[in-house]
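**Q** below are the sequence and a predicted model for it; my questions follow.
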Amino acid sequence: MTQEFNARFDQLMLEHFEAELPASHLNTVLSDLKLDSLGLLDFVMALEQTFDVEIDVGIVSEDMTLGEIREVLRALSENAPAADQG
């Protein structure tokens, strides 16, 4: 699951920022991506849709790195109930 998760995250970064991020993109701070408040909200919504999680916008700040965002997503994804189990 980790490789698939990482690949989905990397693909979303590529699509959302419409540019190839450097190999060290996980160290990129959100403020370096020049996101305004609306851009940050749009980014969080894209993450929620892609990973089928709900993110409290209050935990995401401009000083977080993409790596920190990925770890928050991973934790939320692992704790989210599976919708297709029954």
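**A** Alright, I've got the coordinates.

**Q** residues contacting the one helix or strand residue 40 maps to, please?
**A** Under the criterion of DSSP states H and E, residue 40 resides in helix 37-51. Helix 37-51 is contacted by residues 8, 12, 16, 30, 35, 53-55, 57, 60, 62, 69, 73, 76-77 when judged by C-beta atoms under 8 Å, 6 or more residues apart in numbering. Bear in mind the C-beta positions are built from the backbone N, C-alpha and C, glycine included.

**Q** just checking, which of the residues you listed belong to helices?
**A** Among these, DSSP state H puts 8, 12, 16, 69, 73, 76, 77 in helices.

**Q** can you list the low-confidence ranges for the chain?
**A** 1, 19-23, 81-86 (pLDDT under 70).

**Q** repeat that with 90
**A** 1-3, 5-7, 10-26, 28-41, 43, 56-62, 77-86 (pLDDT under 90).

**Q** sorry, back to before: now the buried members of the contacts of helix 37-51.
**A** Buried members of these, scored by 16 or more other C-beta atoms under 10 Å, are 12, 16, 30, 35, 53, 55, 60, 69, 73, 76.

**Q** could the residues you listed go into a markdown table alongside distance to residue 43?
**A** A markdown table is the format used below for the buried ones among the contacts of helix 37-51 (distance: C-beta to C-beta, whole Å):
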| residue | distance to residue 43 |
| --- | --- |
| 12 | 9 |
| 16 | 6 |
| 30 | 8 |
| 35 | 6 |
| 53 | 14 |
| 55 | 10 |
| 60 | 8 |
| 69 | 9 |
| 73 | 12 |
| 76 | 15 |
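
**Q** count the residues that sit near the residue lying closest to residue 70 once chain neighbours are set aside.
**A** Leaving aside its chain neighbours, residue 70 sits nearest to residue 9 (5.2 Å; criterion: C-beta to C-beta, 6 or more residues apart in numbering). For residue 9, the count of nearby residues is 21 (other C-beta atoms under 10 Å).

**Q** now the ones in helices among the contacts of helix 37-51 in a markdown table, with distance to residue 48?
**A** Listed next are the ones in helices among the contacts of helix 37-51 as a markdown table, based on distance: C-beta to C-beta, whole Å:
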| residue | distance to residue 48 |
| --- | --- |
| 8 | 13 |
| 12 | 11 |
| 16 | 12 |
| 69 | 12 |
| 73 | 9 |
| 76 | 9 |
| 77 | 11 |
